[in-house]
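Participant: Output the structure for:
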Amino acid sequence: MNNSIGVSNNLFILSTGVSLLMYLFIANLMGVPFSIITAEEQSVAWWKSPTADAHVTMTLAIMIIVYTHFIDIRLHGFKHFVLSFFKPFKVLFPINAIEQLATTLTLGLRLFGNIYAGEIMLALLANAVTHGFVVALLASVPMLIWQAFCIFIGAIQAYIFVTLTMVYIAHRLT
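Facilitator: Numbers count the residues shown, from 1 in each chain. The predicted structure is shown next:
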């Protein structure tokens, strides 16, 4: 099936989505199993998920929004791109401009917040090891459950990010 952007562009967009999904899934899970206790009896993240850093997730979100704008300009031209901010009514320009900022912020901060919160909870549970054997034993079950939950949340957040990316691309194709 060949539509207005061509088969090769469809494959490029598909490969973008699959690559992004694989990267995000792996990046979301990198910080789950790695937390160590130092000699100062503090939990230290030995390895942190890249997506637990707002700089990484906001950079990804900005790249996705720029990519969607690039697709729009390439397919429809710069004039159509600029005029799309004035649709359906000219007075909605400020709202459409704010929508682009809000889209970027929500795309990046949603991913960051979920992954960062999971790693904070893992660090708090890992700190229980320093408070004696009984507390460490009691914290081990919630730690394992929370690690499994972090894997689930990491997979869901990767899926949501890629799904929203594909929605934003599809929005620019019309």
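
Participant: packing partners for the one helix or strand Leu60 maps to?
Facilitator: Assigned by DSSP states H and E, Leu60 belongs to helix 54-76. Applying 3 or more C-beta pairs under 8 Å, 6 or more residues apart in numbering; DSSP states H and E, one finds that helix 54-76 makes contact with helix 7-29, helix 78-83, helix 93-127, helix 133-173. Every C-beta, even on glycine, is put in place using the N, C-alpha and C of the backbone.

Participant: can the ones you listed go into TSV with extra columns for mean pLDDT, distance to Pro50 and mean neighbour count?
Facilitator: Converted to TSV, those look like this (pLDDT from 0 to 100; distance: least, C-beta to C-beta, whole Å; neighbours: other C-beta atoms under 10 Å):
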stretch	mean pLDDT	distance to Pro50	mean neighbour count
helix 7-29	85	5	15
helix 78-83	91	31	12
helix 93-127	89	9	16
helix 133-173	88	12	16
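
Participant: Contact partners for the most centrally placed residue in the chain?
Facilitator: Central residue of the chain (C-alpha atoms, centre = their mean): Leu111, 3.7 Å from the mean position. With contacts defined as C-beta atoms under 8 Å, 6 or more residues apart in numbering, Leu111 is in contact with 24, 28, 51, 57, 60-61, 157, 160-161.

Participant: How about the contacts made by the closest residue to it other than its chain neighbours?
Facilitator: Leaving out its chain neighbours, the residue that sits closest to Leu111 by C-beta to C-beta, 6 or more residues apart in numbering is Thr57, at 4.6 Å. Thr57 makes contacts with 51, 108-109, 111-112, 115, as judged by C-beta under 8 Å, 6+ apart.

Participant: ok but Lys48 is inside a strand, no?
Facilitator: No - read with DSSP: H, G, I helix; E, B strand; the rest coil, Lys48 is coil and lies in no strand.

Participant: Good, wrapping up.
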